[in-house]
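Q: would you be able to build a 3D model of this:
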Amino acid sequence: MYVPGGIVKAGFSLRLIFLFVFILQGCVSSRPGKLPQTAERFVPYEKYSPRGKEMAVSFIDVGQGNSIFVESPSGRTLIYDAGGMPDWMETYRDPGRETVVPFIKKRGVEYIDYAVISHAHGDHIGGMKAVLESFEVEYFLDPGYPHTTHLYMDLLKTVREKEIRYKKIRSGGGDVIELGFGVSCEVFNPPSEYYFHGEGSDVNNNSVLLKITYGDVSFLFPGDMERASEMHVVGKYRGELSSNILQASHHGSNTSSTKIFLKRVMPEVAVIPVGERNQFNHPGQKALNNLRRIGAEIYRTDRHGHIIILTDGKTFTVKTQKKRGRR
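A: Here you go, the predicted model:
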């Protein structure tokens, strides 16, 4: 017998079933911890086939330090840190001259548009002087947090002597970086109105947090940011932090890579710039566990050597290159 309400109820039930199946499929297809609507763009190297101009982002193996070199599709270039050694270590080793400069020259680069230091600790700026002396550099960008080590003062002296344009870069200062071809740069730290003080390691917390985006693929470089600054940017920028590739902060130290920060970034790939058998026991187990929980694939310079990420703005892939003599 025809019952008008029966058709309505049946239709309603079918809609519920379809909705349930749609949600279930989304949950199954997404990575652990990854929101279903977030597209995965990581492609294995052997399957990667660029569909347009490429951007290359190289995490250079400088030992216990950090150095990232960006080559945009327009040909403009940016170096973020240049390795080095902690200020208190007495050593004649210069990763800038030994590793960073030869790596960049091998890429066929002769000119650097932007030299950025995340902060003024020796393991991030120790090799930068060699870079400034080996290439013509247009801009030197600095968070500007007061630091009076001989290494930092000598670096600023080189900037002046080479007549490189100097600018302080803080939150909202991404407009000073123009990499062309639709590549955008955003700066989320340090805050524009103040510096972090009394937070354990103020120099680390005032690191430049730089996000570079090419099409649908984005990179996040936090330098050595620790918990205080991570909490600040999470509260202020929230979803804007979302990125496909993350440089794990502070060499994978347990003082960084907090759960709430990583949940905002949700990277597919995390790169840890870290030295082999370093005395700091980096990366920390807690940080590694947090990265694994969000489903990030982890690469480490102490194990993989140079880590080069190529992207056409739609997908990206990872290519590794170990130094000679390393197992």
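Q: where in the stretch 1-150 of the chain is pLDDT low?
A: For the stretch 1-150 of the chain, the stretches with pLDDT under 70 are 1-39, 86-92.
Q: list the contacts of the residue positioned nearest the centre of the chain.
A: Closest to where the C-alpha atoms of the chain average out (C-alpha atoms, centre = their mean) is Phe221, at 2.8 Å. By C-beta atoms under 8 Å, 6 or more residues apart in numbering, the contact set of Phe221 is Ile68, Tyr80, Ser118, Val208, Leu209, Leu210, Lys211, Ile212, Gln247. Yep, even glycine has a C-beta here, placed from its N, CA and C like the rest.
Q: stretch 184-197: which residues count as buried?
A: Neighbour-count burial for stretch 184-197, counted by 16 or more other C-beta atoms under 10 Å, picks out Cys185, Glu186, Val187, Phe188, Asn189, Pro190, Pro191, Tyr195, Phe196.
Q: neighbouring contacts of it?
A: With C-beta under 8 Å, 6+ apart as the test, stretch 184-197 has contacts from 143, 145, 169-174, 177-179, 202, 205-213, 222, 225, 228-229, 232-233, 236-237, 240-241.
Q: of the residues you listed, which belong to helices?
A: The helices, defined by DSSP state H, take in Asp202, Asn205, Ala228, Ser229, His232, Val233, Lys236, Tyr237 from these.
Q: and these as a markdown table, adding distance to Ile260?
A: A markdown table is the format used below for the ones in helices among the contacts of stretch 184-197 (distance: C-beta to C-beta, whole Å):
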| residue | distance to Ile260 |
| --- | --- |
| Asp202 | 21 |
| Asn205 | 16 |
| Ala228 | 13 |
| Ser229 | 13 |
| His232 | 11 |
| Val233 | 11 |
| Lys236 | 13 |
| Tyr237 | 13 |
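Q: mind checking which of those are buried?
A: By neighbour count, with 16+ other C-beta under 10 Å, the ones in helices among the contacts of stretch 184-197 hold Asp202, Asn205, Ala228, Ser229, His232, Val233, Tyr237 as buried.
Q: biggest separation within the residues you listed, which pair?
A: Every pair in those was compared (C-beta to C-beta); the two farthest apart turn out to be Asp202 and Tyr237, at 20.6 Å.
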